[in-house]
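> Here is a sequence with its predicted model. Questions after.
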Amino acid sequence: MIKIMIVIVLGVFTTSCNGQENKQDVINETETTSHDSNLENDQSNNQNTQTSFQWSNFENQISDVVRTVFQDSKENFWFGTQNGAFKHNGKSLIRVDSIKSELGRGVTIKDITEDKDGRIWFGHTGGVSVVDGESITNYYESDGLLSNDVWCITTDKNNQIWIGTIEGVCKFDGKNFTTFEIPEGKLDTTRGVSSTKMIHNIMEDSQGRMWFSTNGGVYIKDKGLLTNISKKDGLRTSFVNQVMEDKNGSFWISTSKGLFHYADKTLKNVTTDIIKNVKGTGTIMQGSDGNIWYNSNLRDIYSFNGGDFTKYRVSERDYGPATFHIYEDKQKRLWFVGYGGAYRLEKGKFLNITKDGPW
């Protein structure tokens, strides 16, 4: 079941069409019910284990698969799902129906960002879309976008939009798309979808440097200089999923072979004794309390306080938050979204957030 659903999540639809402006459509939220489930007891090495988990009616989720969650400057929540984009405005959950592919089909939203003007940008399987108030503009390859198969999107300090696709990187200044050349990596044969030019994540650090997570390691753009960190430098693999900067200005590199800490030009594999014989680590973030959160093998969630790891594991009979994205909102609540819907960790329990909340 897990393997089948992952293939569905990673399926792509490449299309092209002229950018067009549309009005936002909405749908009403639906009711849901819930019941309890438990996490496995599992302790090894210096791991603690949390065991509380609340499970809900699967068919009443925001979506079967939620790829990403984002809270904007007005505190609206946006959910990127395999069924398109959803917005919760503090009162109700609405669906953004006008984000479409060339043929007018629905898309899978993979990443969300906000620019300095308060516009919300979406990277998805049919191109790039932006919500500006009540209007929506869709951009495709015919508008200059490098590829309609978009995997990540972010805004830099100069309000330029950086877009990572299956064919590389481009940036958008509001009028024109410009390709930014990144050296090719290798094809990741362990994934259902891969390419030598795929960009998994783009991050701007506190010094204004751009970090690109690729199948050829991490590429760092520092003004006119492009440098690389990869297997040759001590990473166990050059397949990098994400890079995160922590509050101390050091970096965490999530790869297909584990999680690495990068500080003072030194790499350290922090998961050597914790994660073995798995497909590495995926999403990663630092909470307001300083703990590092990440997932491994999709279904395992860990937190790391600098000394000890705490593992969160859903029992075999329940899929739970098979996590694609871990996120902390402005209320300092931790969200875990993925296969099975959206969850928040509250008072030691994973609380399922359905179409009806609780918000």
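That came through fine. Numbering: from 1, shown residues only.
> Could you tell me which ranges of the stretch 51-200 of the chain sit under the pLDDT cut-off?
The model of the stretch 51-200 of the chain has pLDDT under 70 over residues 51-58.
> rerun at 80
The stretch 51-200 of the chain contains residues with pLDDT under 80 at 51-59.
> Could I get the full set of strands for it?
52-56, 66-71, 77-81, 84-88, 93-96, 109-114, 120-124, 127-132, 135-139, 150-155, 161-165, 168-172, 177-180, 199-204 (DSSP state E, counting those that start in this stretch).
> burial count for Met285?
Met285 has 18 neighbours, counted by other CB atoms under 10 Å. In short, each C-beta sits where N, CA and C put it, glycine included.
> so how far is the helix or strand hosting it from its chain's centroid?
Assigned by DSSP states H and E, Met285 belongs to strand 281-286. Relative to its chain's centre, strand 281-286 lies at 9 Å (CA atoms, centre = their mean, to the nearest Å).
> picking that back up, so which of the strands of the stretch 51-200 of the chain gets nearest Asn305?
Checking the strands of the stretch 51-200 of the chain against Asn305 by CB to CB gives strand 52-56 as the closest, at 19.0 Å.
> what's the neighbour count on Asn291?
Residues lying near Asn291 (other CB under 10 Å) number 15.
> re the thing from before, got the angle between the strand holding Met285 and strand 199-204?
Computed by axes from the mean of the first three to the mean of the last three CA atoms, to 10 degrees, the angle separating strand 281-286 from strand 199-204 equals 10 degrees.
> Pull the residues that contact strand 281-286.
With contact meaning CB atoms under 8 Å, 6 or more residues apart in numbering, strand 281-286 is reached by 241-242, 244, 246-247, 252, 254-255, 258-259, 271, 275, 292-296, 298, 323-328.
> What of stretch 62-74?
So stretch 62-74 is contacted by 5, 8-9, 58, 77-83, 86, 93, 108-114, 118, 120, 324-325, 327, 329-330, 335, 337-342, 353-355 (CB under 8 Å, 6+ apart).
> Please check these and keep the buried ones.
5, 9, 77-83, 86, 93, 108-114, 120, 324-325, 327, 335, 337-342, 353-355 (16 or more other CB atoms under 10 Å).
> quick one, what contacts His88?
76-77, 79, 94, 359.
> Mind telling me the two of those residues farthest from one another?
Farthest apart among the contacts of His88 by CB to CB are Ile94 and Trp359. That separation is 13.0 Å.
> Can you pick out the residue with more neighbours from those two?
Remark: of Ile94 and Trp359, Ile94 carries more neighbours, 18 against 11, as counted by other CB under 10 Å.
> from what I can see the more buried one touches Gly84, true?
No. Counting by CB atoms under 8 Å, Ile94 does not reach Gly84; the two are 11.2 Å apart.
> just to revisit the earlier point, each with direction, which strands does the strand holding Met285 pair with?
strand 292-296 (antiparallel) (DSSP bridges).
> and the next element down the chain from the partner strand?
strand 300-304.
> now that following strand: how far from the chain's centre is it?
Computed by CA atoms, centre = their mean, the separation of strand 300-304 from the middle of its chain amounts to 16 Å.
> can you check stretch 237-254 too?
Computed by CA atoms, centre = their mean, the chain-centroid distance of stretch 237-254 equals 14 Å.
> Give me the distance between the two termini of that stretch.
Stretch 237-254 has its terminal residues 10 Å apart, counting by CA to CA, to the nearest Å.
> With stretch 352-359 instead?
End-to-end distance for stretch 352-359: 10 Å, by CA to CA.
> so how far is it off the chain centroid?
Distance of stretch 352-359 from the chain centroid (CA atoms, centre = their mean) equals 20 Å.
> Out of the contacts of His88, which is nearest to Ile166?
The closest of the contacts of His88 to Ile166 turns out to be Phe79 (CB to CB; 22.8 Å).
> The closest residue in space to that closest one that isn't next to it in sequence pairs with what?
Ranked by CB to CB, 6 or more residues apart in numbering and with sequence neighbours excluded, the top spatial neighbour of Phe79 is Phe86, at 4.3 Å. Phe86 has these beta-bridge partners by DSSP bridges: Phe79, Arg95.
> Now do the strands in the stretch 251-359 of the chain.
Using DSSP E, counting those that start in this stretch, strands in the stretch 251-359 of the chain cover 251-255, 258-263, 266-269, 281-286, 292-296, 300-304, 309-312, 322-328, 334-339, 341-346, 349-353.
> Many thanks, have a good one.
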